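>>> sharing a model prediction with you, sequence too.
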Amino acid sequence: MAQHDYNIANASFPTVRSDINDVLSAINSSNSGTSRPSSAVVGTIWLDTTSSATPTLKYYDGAGDISLATLNHSANTVNWLDSTVVADLIGDTSPQLGGDLDVVTHALISTSNRNIAITPNGSGKVVIDGISHPTADGSANQVLTTNGSGVLSFADASGGGTSWQSAVKTANFTAVAGEGYFVNTSGGAFEIDLPGSPSVGDEIEFVDFSRNFATANLTLDQGSNKFQGFTSPKPVYSTNGQNIKIVYSGSTQGWIPLVDDDVTDEVPQAYDIDFLVIAGGGSGAVSHGGGGGAGGYRTSTQSTPSGVTVTVTVGDGGAAISAGGGNTGNNGSNSSISGSGFTTITSTGGGGGACGTITPFVAGLNGGSGGGGRSEGSNTVAAGSGNTPSTSPSQGNNGGAGFQGAPEQAGGGGGAGAVGGTGSSGTAGNGGAGASSSITGSAVTRAGGGGGGARSDAPAAGSGGSGGGGAASKTNANATAGTVNTGGGGGGGGRNNGGNMGASGAGGKGVVIVSMPDADYSGTTSGSPTVATGVSGKTVLTFNSSGSFTT
């Protein structure tokens, strides 16, 4: 390094010559040194060699030094330090940035109407503010779309207009977002599957090409996605000439109609559910007592929306009367179904049979079907009335009257299908017949009345009505109970000539049976009903005890 005060003093020639050589050495070394030369004036350039490997070129402005550049001797590179230094990049065929390019308040501007090209190498992407752009052009009329994760790509326009398909659709197919279809159901109803993985904003349009939707419906299958907030049932369009345009709104509500030519809420559709509701049967009475009436028997087909929890109550049969007891039979308990969106159905428990060994004599009890009557000497003990409280259609029948004479014979309890039999001098009345239903896939008769009790000198006691009615007793033997889960009435207890009595039969517990299309069965139940699927395309739930199910 060399520095000089740049002052040539008067001296002899050898001394002046040496002084001049020192000045030239300082100039030749750029006034290098570990500190500013003492001779520095405004404009002096000097090389700070404090770091010998990376010295710094400095400019003295009269007050201090301005660092211009750091020289790297090992790499043979210059690092310009001051932002006012302008480098000409024209001569550098592959300039590289050592850090981020900060344009401050300026812009990248081309001259002479030239383009600005940004082209990544190989598989590199152009990423602007975290968004990755495609590196190849799309097809004509396509638009840029995002996958929601920072990646853009070209796709067919969906929100900018419907792409109508020229081929008229006449059978099942899968729709595509952004397309419109002419739908012809003149050859029969069919189904269109909606896209399995739709995006928010996807639109699809359908038109009744043949104005035939009312005759042959169009069904849309939303799959696992929702349609107006529900995954089932499938929306069905049944108005001639309908134009249907739907948009996907996201997972909460799913597909929503933008246009469907009316204000009908296509989902949840109400679909038909068949119900059979049978209450618990009444028990018979003792001492050639009347037979118990069958539990109320009600059927119904109701249109029911999806997502409703239906509560099922199954009534117990009336308790038997023990031998020696003097009371009428006991009524069975009600069975019912209830839930939002349809009419509650309640079937009334069967009436208990009449007893005439105590005064005042007590008639057979009213209920779904009435308990059987009886006579005691000159006293007539009336039978109970069925269909109480009144329903339409009737849920049961009256009990049969007892025979007034010798020997007295009790009447049978009413059944769902017929009144109880009337006692005669030789035979107690039979229980009324039950009613038949094929809700489980085959015809089954349920809710028969209990047979009337007989005295021992009578030829026969009343038999139970078909469908679960209990048989009566002729002597002091115990009568038969109504069949469990049929709502059958219990038989009346017999009495021998010595005055000994047998117990009456208990009423049979009720049952509730529900049938719905297999496709609409949610699989959600409580109370452990018996579940049978595929019964002529329907799922049948048999509740032998209380529980619930969801539509």
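Looks like it arrived, so ask away.

>>> measure residue 192 to residue 21 for me?
Separation of residue 192 from residue 21 (Cβ to Cβ, to the nearest Å): 100 Å. C-beta coordinates here come from the backbone N, C-alpha and C atoms, glycine included.

>>> can you pick out the residue with more neighbours from those two?
residue 192 (20 against 12; other Cβ atoms under 10 Å).

>>> confirm that that one sits in a strand.
Yes: judged by DSSP: H, G, I helix; E, B strand; the rest coil, residue 192 forms part of a strand.

>>> gap between it and residue 250?
The gap separating residue 192 from residue 250 is 21 Å, by Cβ to Cβ.

>>> again, but for residue 146
In this view, residue 146 and residue 250 are 16 Å apart by Cβ to Cβ.

>>> would residue 375 count as being in a helix?
No: under three-state DSSP, residue 375 sits outside any helix and is assigned strand.

>>> I'd say it and residue 404 touch.
Yes: counting by Cβ atoms under 8 Å, residue 375 touches residue 404, with 3.9 Å between them.

>>> the more surrounded of the two?
Between residue 375 and residue 404, counted using other Cβ under 10 Å, residue 375 has the larger neighbour count: 25 against 18.

>>> for the more buried one, list each beta-bridge partner.
Beta-bridge partners for residue 375, by DSSP bridges, are residue 380.

>>> and it, how far from residue 418?
21 Å.

>>> equivalent analysis for residue 317, please.
For residue 317, the distance to residue 418 - Cβ to Cβ - is 20 Å.

>>> quick one: contacts for the residue nearest to residue 174 when sequence neighbours are not counted?
In space, and not counting its chain neighbours, residue 174 is closest to residue 193: 4.4 Å by Cβ to Cβ, 6 or more residues apart in numbering. Contacts for residue 193 (Cβ atoms under 8 Å, 6 or more residues apart in numbering) come out as 172, 173, 174, 175, 221, 223.

>>> which of the residues you listed ranks first by neighbour count?
residue 175 (22 neighbours).

>>> which residues touch that residue?
If you count contacts by Cβ under 8 Å, 6+ apart, residue 175 has them with 181, 192, 193, 194, 195, 204, 206.

>>> so what sits opposite the third one in the bridge?
So the one you mean is residue 193. Per DSSP bridges, the residues bridged to residue 193 are residue 174, residue 221.

>>> could you tell me how far it is located from residue 393?
Counting by Cβ to Cβ, the gap from residue 193 to residue 393 is 42 Å.

>>> likewise the second one?
The span separating residue 192 from residue 393 equals 41 Å under the rule Cβ to Cβ.

>>> got it, and residue 38?
125 Å.

>>> next, residue 21: secondary structure please.
Quick answer, by three-state DSSP: residue 21 is helix.

>>> pLDDT score for it?
pLDDT for residue 21: 80.

>>> next one: residue 184
pLDDT recorded at residue 184 is 96.

>>> I'd guessed it sits against residue 210; true?
Yes: counting by Cβ under 8 Å, residue 210 is a contact partner of residue 184 at 4.7 Å.

>>> pop the domain breakdown of this structure in here.
Here the domain parsing of the chain from automatic domain parsing is 13-80, 131-155, 163-259, 270-551.

>>> of the ones you listed, flag the one that's most buried.
Of these, the one with the most neighbours on average (mean count of other Cβ atoms under 10 Å) is domain 270-551, at a mean of 27.

>>> any idea how far that one is from the chain center?
How far domain 270-551 lies from its chain's middle: 39 Å, per Cα atoms, centre = their mean, to the nearest Å.

>>> hmm, back to that, which one of the contacts of residue 193 is nearest residue 514?
For the contacts of residue 193, the minimum distance to residue 514 (Cβ to Cβ) is 25.0 Å, reached by residue 221.

>>> how near is the closest one to residue 70?
72 Å.

>>> cool, residue 469 as well?
Relative to residue 70, residue 469 is positioned 112 Å away (Cβ to Cβ).

>>> so can I have TSV of the domains of the chain showing distance to residue 98?
As requested, these are exported to TSV (distance: least, Cβ to Cβ, whole Å):
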stretch	distance to residue 98
domain 13-80	8
domain 131-155	25
domain 163-259	43
domain 270-551	64
